[in-house]
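*Asks:* need coordinates for the below:
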Amino acid sequence: MTTRSLVLLPDPVLRQKSKPVERVDDDIRRFADDMLETMYEAPGIGLAAIQVGEPIRLLVMDVSKDDEEKSPFVLINPEIVSTGDETSTYEEGCLSIPDYYAEVERPATVTVNYVDRDGKQRTMDADGILATCVQHEIDHLNGVLFIDHISKLKRDMVIRKFTKLAKQRGGTRL
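*Replies:* Prediction:
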């Protein structure tokens, strides 16, 4: 497995809409394993392929707590098919926007259809932090960032800050 470089705000790659995965094969499984290693190393609880520069509809997640056994998910071509009526608010962060957090309100429950790493069609009913995480990562696949769910004023401040940091660093990859 290989740890991949993370794409950081303001890289325009993060605004690309990802394309469906055509076939689940060993290359896709290896890539998913690399993404999991990258996510755990960062550390984070979710990572979309676009965040490592690959505009394909693949994401990985693991919302298990540090003292629990790892419970990774690989979702290929995920699609939210329904959301609950209630909402919940969590403080979200993002590996592509390091050290910035904001309260985001989202549906409290979601149902997601996806293909697993074996190429089988699956359905996931998610609530709590898992529902928030899967929505956050699917947003990435659609070119949407969690800062798009906060006020324009706060979002503009974050974008300015990360644009300045990228200029100082000489790039938008970490």
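
*Asks:* so which bits of the strand or helix carrying Arg160 are buried?
*Replies:* According to DSSP states H and E, Arg160 maps onto helix 152-169. By 16 or more other CB atoms under 10 Å, the buried positions in helix 152-169 come out as Arg155, Val158, Phe162, Ala166. No exception for glycine: its C-beta is placed from N, CA and C like everyone else's.

*Asks:* how are the helices of the chain distributed by residue range?
*Replies:* 26-41, 128-141, 152-169 (DSSP state H).

*Asks:* quick one: residues in contact with the longest one.
*Replies:* When you say that, I think you mean helix 152-169. Leu8, Leu9, Pro10, Asp11, Ile97, Tyr100, Ala102, Ile147, Asp148, Thr172 (CB atoms under 8 Å, 6 or more residues apart in numbering).

*Asks:* closest to Arg122 among these?
*Replies:* Each of the contacts of helix 152-169 was checked against Arg122 using CB to CB; the closest is Asp148, at 27.5 Å.

*Asks:* got the contact list for that closest one?
*Replies:* Asp139, Arg155.

*Asks:* how about Ile150?
*Replies:* Here Ile150 is in contact with Ala102, Glu103, Val104 (CB under 8 Å, 6+ apart).

*Asks:* state the pLDDT value of the most centrally placed residue in the chain.
*Replies:* Centroid-nearest residue in the chain: Glu137, 2.9 Å away (criterion: CA atoms, centre = their mean). At Glu137, the model reports a pLDDT of 98.

*Asks:* again with Thr172
*Replies:* For Thr172, the predicted pLDDT is 61.

*Asks:* for the remainder of this discussion, apply numbering that starts at 44.
*Replies:* Fine by me, first position is 44 from now on; the one you just mentioned is Thr215.

*Asks:* can you pull out the strands in the protein?
*Replies:* Using DSSP state E, the strands of the chain run over residues 89-91, 101-104, 116-126, 130-137, 140-150, 152-158, 164-170.
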